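Undergrad: missing the sequence, but the structure's below:
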């Protein structure tokens, strides 16, 4: 059991509501939509950008997605619909710089990995550049490298693991974590990366200096032997879903950092309760055997320097990334932002753990589109909120602010730094709603909605069911829609609704709630990442769908009208892989996806993977890879 799991001691919200219909009746009988939106229709009930709205106006029952649905299955290949292609853009080990060595999986080292594309690509961000002189489309791909699959990645370690993990092998793993910035160009044959581009950059778990900013900077709890000031951390790791800000910077969200630590901490240590709440030490890697900073017995404050959102300027490869502590410390999944009507910027984030919480952050100051330097430190001041999902369909956003409510010295919080370093404990005290693994949380500025991916939670019992998490033993997850009043993303009270409960609709006891128009290919389990395309349509990527008998992939999801809750299978990954980071170009003609840990599975190793995708070369391991999906006729994806 992961000891970082919330033991959900919060007061439970008692409810007799058992079905979506009952829930709707219960909340609408109490009061109407905030701000009279039900009467007016309002921005909350609009679905999409111009193209999709025009289609709906012509025929409100017409499908939003037009493509030939792919079949369910599980094999060594990836699959796209007829009329589409998927370019292999860049893979683990590809050379990024002019002096980068070629990929040799039998000769991996820290030095070579620092100059190559990292492992397990997760979040994908795309920052457009000016077109090339010949008119070719260009952009910067910002990629999180979440973690490494040790037994798949490194040769000769499986038989005697963990004893086989030497210091050098641990350093190689650290160099494969973090992120990459890579210039891409679209040529006639498709998207390719530009090796040697001056924009290319590697960010790693151990060798990239990062400034600690915001309220927790300089706190005694952030100080270590290497950094007695508590203001400069080395590296970032376990970077999962992230975001691109309105001013063009890249947000890297640090997720399962606890797994990178070993060691023992005395039960009476001041950090013992906090570390326990985050599952520190997790012991997934052997780094702490060889490097003191990853041994909590030797550096008890080091874990407090991870679990943040890191801001990076992808246009300046020499810039220093900044850990923005005002956004809170937890297992961050996603850091997607939206500009509210009053000009403030709002970020939505999930804490990816069973029984943990959904958050949003509202900046104190306003976005300045005309003077980029005024946005440089916008994320250092603002209010962090945690969500309580009430049974009447309202969300209460509760501020995590020192001195307010229970966040006082009497309860162990002596500053805003304490609230942020121990965000989970603070949210526990406020009575936030424990959710079924909140992962990606994606706002749609045009519709005034926010999509929350709840991946699964097989540890929820019957007496722990609540309105927002309506199934015990929730093995397949669900998707929640939050509607902000009048599109005001800064609101402290919102509306919520379950879009779908995932799983096989043909098995009654699962309790899935798809639209009946969903085909036998269209349903899925374990929603993880998502994307809203330029037409306002929702796309969902999965992590755990193989539990349904089919590979992970990407599904197109109807969210409006009579087809609301209908899903359609679009992309299927090879065996052992999950699909991360779906990201559209601004013209909607390319969908980038990150295929992570292909070839994984029970007993899978470097020598014996479940597939050798994407190269299929004997003796070469599978490689995490970014694909670019396009229509052969050059049209928009999904139309």
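TA: Now that the structure is in, tell me what you want to look at. Computed from a predicted model, the values in this text were never measured in an experiment.

Undergrad: center of the chain - which residue?
TA: Nearest to the mean C-alpha position of the chain, counting by C-alpha atoms, centre = their mean, stands residue 241 at 2.4 Å.

Undergrad: That one: which element?
TA: Assigned by DSSP states H and E, residue 241 belongs to no helix or strand.

Undergrad: ok, now residue 169?
TA: Under DSSP H and E, the secondary-structure element containing residue 169 is helix 167-176.

Undergrad: and that helix, what other elements does it pack with?
TA: Here helix 167-176 touches helix 110-113, helix 150-153, going by 3 or more C-beta pairs under 8 Å, 6 or more residues apart in numbering; DSSP states H and E. To be clear about C-beta, it is placed using only N, CA and C from the backbone, and glycine gets the same treatment.

Undergrad: List the buried residues for the last one?
TA: When burial is assessed from 16 or more other C-beta atoms under 10 Å, helix 150-153 yields the following buried residues: 150-153.

Undergrad: Which elements pack onto it?
TA: Short answer (3+ C-beta pairs under 8 Å, 6+ apart): helix 150-153 packs on helix 167-176.

Undergrad: before we move on, what about the first one?
TA: Counting contacts by 3+ C-beta pairs under 8 Å, 6+ apart, helix 110-113 packs against helix 167-176.

Undergrad: what mean pLDDT would you report for the helix it packs on?
TA: If you average the pLDDT over helix 167-176, you get 98.

Undergrad: Contacts for that helix next, please.
TA: 92, 108-110, 113-114, 118-120, 145, 148, 150, 153-154, 157, 202, 204-207, 235, 237, 285-287, 289-291 (C-beta atoms under 8 Å, 6 or more residues apart in numbering).

Undergrad: In strands only, show me those.
TA: Counting by DSSP state E, the contacts of helix 167-176 place 145, 202 in strands.

Undergrad: PyMOL command for the buried members of the contacts of helix 167-176?
TA: Here is the PyMOL command that selects the buried residues among the contacts of helix 167-176 (16+ other C-beta under 10 Å):
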select buried, resi 92+108+110+113+114+118+119+120+145+148+150+153+154+157+202+204+205+206+235+237+285+286+287+289+290+291
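
Undergrad: sorry, back to before: TSV please, covering the helices and strands packed on helix 167-176 and showing distance to residue 351.
TA: Formatted as TSV, the helices and strands packed on helix 167-176 follow (distance: least, C-beta to C-beta, whole Å):
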stretch	distance to residue 351
helix 110-113	30
helix 150-153	25
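
Undergrad: right, and these - which one's nearest residue 450?
TA: For the helices and strands packed on helix 167-176, proximity to residue 450 was assessed by C-beta to C-beta; helix 150-153 is nearest, at 35.0 Å.

Undergrad: In this structure residue 455 contacts residue 540, no?
TA: No - if you go by C-beta atoms under 8 Å, residue 455 and residue 540 don't touch, sitting 10.9 Å apart.

Undergrad: Could you report the pLDDT at residue 188?
TA: pLDDT at residue 188 comes out at 89.

Undergrad: buried sites along stretch 156-168?
TA: So for stretch 156-168, counting by 16+ other C-beta under 10 Å, buried means 157-158, 165.

Undergrad: what's the span of that stretch from first residue to last?
TA: 14 Å (C-alpha to C-alpha, to the nearest Å).

Undergrad: list the helices and strands the helix or strand containing residue 425 packs on?
TA: In the assignment (DSSP H and E), residue 425 maps to helix 423-430. In terms of contacts (3+ C-beta pairs under 8 Å, 6+ apart), helix 423-430 is packed against helix 272-278, strand 382-389.

Undergrad: Show me the contact partners of that helix.
TA: Here helix 423-430 has contacts from 6, 9-10, 273-274, 277-278, 328-330, 351, 356-357, 359, 384, 386, 388, 398, 400, 405-407, 411-413, 419, using C-beta under 8 Å, 6+ apart.

Undergrad: mind listing which of these are in strands?
TA: Reading strands off the contacts of helix 423-430 with DSSP E, I get 351, 356, 359, 384, 386, 388, 398.

Undergrad: Out of the residues you listed, the closest to residue 584 would be?
TA: Nearest to residue 584, judged by C-beta to C-beta, of these is residue 359 at 24.9 Å.

Undergrad: That closest one and residue 352 touch, don't they?
TA: No - the pair residue 359 / residue 352 is not scored as a contact, 11.7 Å apart, by C-beta under 8 Å.

Undergrad: Tell me, how many residues neighbour residue 188?
TA: The tally of other residues near residue 188 (other C-beta atoms under 10 Å) stands at 5.

Undergrad: Got the phi and psi for it?
TA: Phi and psi for residue 188, reported as degrees, to the nearest 10, are phi -60, psi -30.

Undergrad: Please apply the same query to the one 4 residues further on.
TA: When read as degrees, to the nearest 10, the backbone of residue 192 gives phi -140, psi 160.

Undergrad: and the closest residue to it other than its chain neighbours, helix, strand or coil?
TA: Excluding its sequence neighbours, the residue lying closest to residue 192 (C-beta to C-beta, 6 or more residues apart in numbering) is residue 185, at 6.2 Å. Here residue 185 takes the strand state, with states given by DSSP: H, G, I helix; E, B strand; the rest coil.

Undergrad: how many neighbours does residue 185 have?
TA: 17.

Undergrad: and if you look at residue 587?
TA: Residues within reach of residue 587, counting by other C-beta under 10 Å, total 12.

Undergrad: what's it in contact with, if anything?
TA: Contacts of residue 587 were listed using C-beta under 8 Å, 6+ apart, and they are 534, 636.

Undergrad: State the distance from it to residue 120.
TA: Going from residue 587 to residue 120 by C-beta to C-beta, to the nearest Å gives 28 Å.

Undergrad: go on, residue 521?
TA: For residue 521 relative to residue 120 (C-beta to C-beta), the value is 27 Å.

Undergrad: Kindly report the same for residue 574.
TA: Residue 574 is 14 Å from residue 120, by C-beta to C-beta.

Undergrad: ok so, going back, mind giving me CSV with the helices and strands packed on helix 423-430 and columns for mean pLDDT?
TA: As requested, the helices and strands packed on helix 423-430 are exported to CSV (pLDDT from 0 to 100):
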stretch, mean pLDDT
helix 272-278, 98
strand 382-389, 98
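
Undergrad: Save these as JSON lines, and put in distance to residue 444 and mean neighbour count too.
TA: As requested, the helices and strands packed on helix 423-430 are exported to JSON lines (distance: least, C-beta to C-beta, whole Å; neighbours: other C-beta atoms under 10 Å):
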{"stretch": "helix 272-278", "distance to residue 444": "31", "mean neighbour count": "19"}
{"stretch": "strand 382-389", "distance to residue 444": "17", "mean neighbour count": "24"}
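
Undergrad: Of all those, which one is nearest residue 594?
TA: Nearest to residue 594 among the helices and strands packed on helix 423-430 is helix 272-278; the distance by C-beta to C-beta comes to 25.5 Å.

Undergrad: what's the following helix or strand after the closest one?
TA: Trace forward from helix 272-278 with DSSP H and E and the next one is strand 309-312.

Undergrad: helices and strands around the helix or strand following that next one, which ones?
TA: Per DSSP H and E, the first helix or strand lying C-terminal to strand 309-312 is strand 322-324. Contacts defined by 3+ C-beta pairs under 8 Å, 6+ apart place strand 322-324 against strand 209-213, strand 309-312.

Undergrad: For the following helix or strand past strand 322-324, what does the pLDDT average out to?
TA: Using DSSP H and E, the helix or strand that directly follows strand 322-324 along the chain is strand 332-339. For strand 332-339, mean pLDDT is 97.

Undergrad: which helices and strands sit right next to strand 332-339?
TA: strand 243-244, strand 250-253, strand 344-351, strand 438-444.

Undergrad: which other residues reach that strand?
TA: Strand 332-339 has contacts (C-beta under 8 Å, 6+ apart) with 240-246, 251, 253-255, 307-309, 327, 345-352, 367, 438-443, 445, 489, 529.

Undergrad: and that strand with strand 344-351, angle?
TA: Put simply, strand 332-339 runs at 160 degrees to strand 344-351, going by axes from the mean of the first three to the mean of the last three C-alpha atoms, to 10 degrees.

Undergrad: so how far is strand 332-339 off the chain centroid?
TA: The chain centroid and the centroid of strand 332-339 are separated by 9 Å under C-alpha atoms, centre = their mean, to the nearest Å.
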